[in-house]
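Colleague: below are the sequence and a predicted model; questions follow.
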Amino acid sequence: MTARLDARFTQCRNEGRAALVTYVMAGDPDPETSFAVLSALPAAGADIVELGLPFTDPMADGPAIQAAGLRALKAGQDTVRTLDLVRRFRATDLSTPVILMGYFNPIYSYGVDRFLRDAAEAGVDGFIVVDLPPEMDAEFCLPALAAGFAFIRLATPTTDAARLPAVLQNTAGFVYYVSITGVTGTATPDFTRVSAAVGRIKHHTDLPVVVGFGVRTGAHAASVAAGADGVVVGSALVDALRASLDPDGAATSGSVEAVASLVRELAAGVRSVAKTRVAA
């Protein structure tokens, strides 16, 4: 399953640009709107999709993604429906990598072996499980790698030289650098420091390094794309969707376009750096 990710990063490198990685919450605000949003992402310029697994206690996420998860759970989203969402997406898109991002509790409750089997059948490419440190690799990381999935690990501003080798040891697909200390969507990163941190990580791995947390605009995406292999945007997209909902929290005719429009802006930001690279 890592083949799709490898092919996409190779494509982006050949085009002289970073990849745009977009995060949306599965089932937000309802299953059909969620599917429509997911389906719109690649055409709007997303290279890789992260799909959130709704969970009641998302400790690494800020208010926007917490609220998205609660909306999805209220609408009946669960792990089975999330895998069905990927399966429906794969019926028309065989090339865009899909990463499931979330917490271990829903996977554990589903059953690791069953989850990996069903995720493979649905067309999932990898996982980000934010509450599984390297010391717990036997729980899910190693079985996922053995089944052919990418297992993406997070590195943060507090990941020092002593800790970094453990973080990288069983990472596959790409390394996700968290650009701020704190939860998602709550601050804007210092882009100069981010570039230096990406360079430091690249001294220790050949994997692509993508940067997320705090990227909200095309200009932000361009700043990160100048030094990273990929740019992740999540809370800004979740906020765009939320702002399109009616007073009762239901989707409107503008909900899908609200997300797609921002993705186009972000993709333009990423690709604006590509033009500079190609011309250099």
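Modeller: Ah, there it is. Just so you know, these numbers come straight off a predicted model, no measurement behind them. Numbers count the residues shown, from 1 in each chain.
Colleague: OK, contacts around the closest residue to Leu83 other than its chain neighbours?
Modeller: Counting by Cβ to Cβ, 6 or more residues apart in numbering, Leu83 lies nearest to Ala122, which is 4.5 Å off, once chain neighbours are set aside. Heads up, the C-betas are built off the backbone N, CA and C, glycines and all. Each residue near Ala122 by Cβ atoms under 8 Å, 6 or more residues apart in numbering is listed here: 83-84, 86-87, 90.
Colleague: what mean pLDDT does whatever helix or strand Val231 lives in have?
Modeller: Assigned by DSSP states H and E, Val231 belongs to strand 230-233. Averaged across strand 230-233, the pLDDT comes to 95.
Colleague: hmm, who's touching the helix or strand just after it?
Modeller: Going down the chain from strand 230-233, the next helix or strand is helix 235-244, by DSSP H and E. Helix 235-244 is contacted by residues 22-25, 28-29, 37, 62, 64-65, 67-68, 184-185, 215-217, 251-252, 254-255, 257-259, 261-263 when judged by Cβ under 8 Å, 6+ apart.
Colleague: 7 Å instead?
Modeller: 22-25, 28, 37, 62, 64-65, 67-68, 184-185, 216, 252, 254-255, 258-259, 262-263 (Cβ atoms under 7 Å, 6 or more residues apart in numbering).
Colleague: quick revisit: weed out the non-buried ones from the contacts of Ala122.
Modeller: 83-84, 86 (16 or more other Cβ atoms under 10 Å).
Colleague: can you list those residues in a markdown table and add secondary structure, pLDDT and distance to Thr171?
Modeller: Shown next, in a markdown table, are those (DSSP: H, G, I helix; E, B strand; the rest coil; pLDDT from 0 to 100; distance: Cβ to Cβ, whole Å):
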| residue | secondary structure | pLDDT | distance to Thr171 |
| --- | --- | --- | --- |
| Leu83 | helix | 98 | 23 |
| Asp84 | helix | 98 | 28 |
| Val86 | helix | 98 | 22 |
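Colleague: now, which of these sits nearest Asp6?
Modeller: Val86 (19.0 Å; Cβ to Cβ).
Colleague: what about the closest residue to Val98 other than its chain neighbours, how many neighbours?
Modeller: Computed as Cβ to Cβ, 6+ apart, the closest residue to Val98 that is not its neighbour in sequence is Val49, at 5.1 Å. Neighbourhood size, Val49 [other Cβ atoms under 10 Å]: 23.
Colleague: in a helix, that's where Val49 is, yeah?
Modeller: No - read with DSSP: H, G, I helix; E, B strand; the rest coil, Val49 is strand and lies in no helix.
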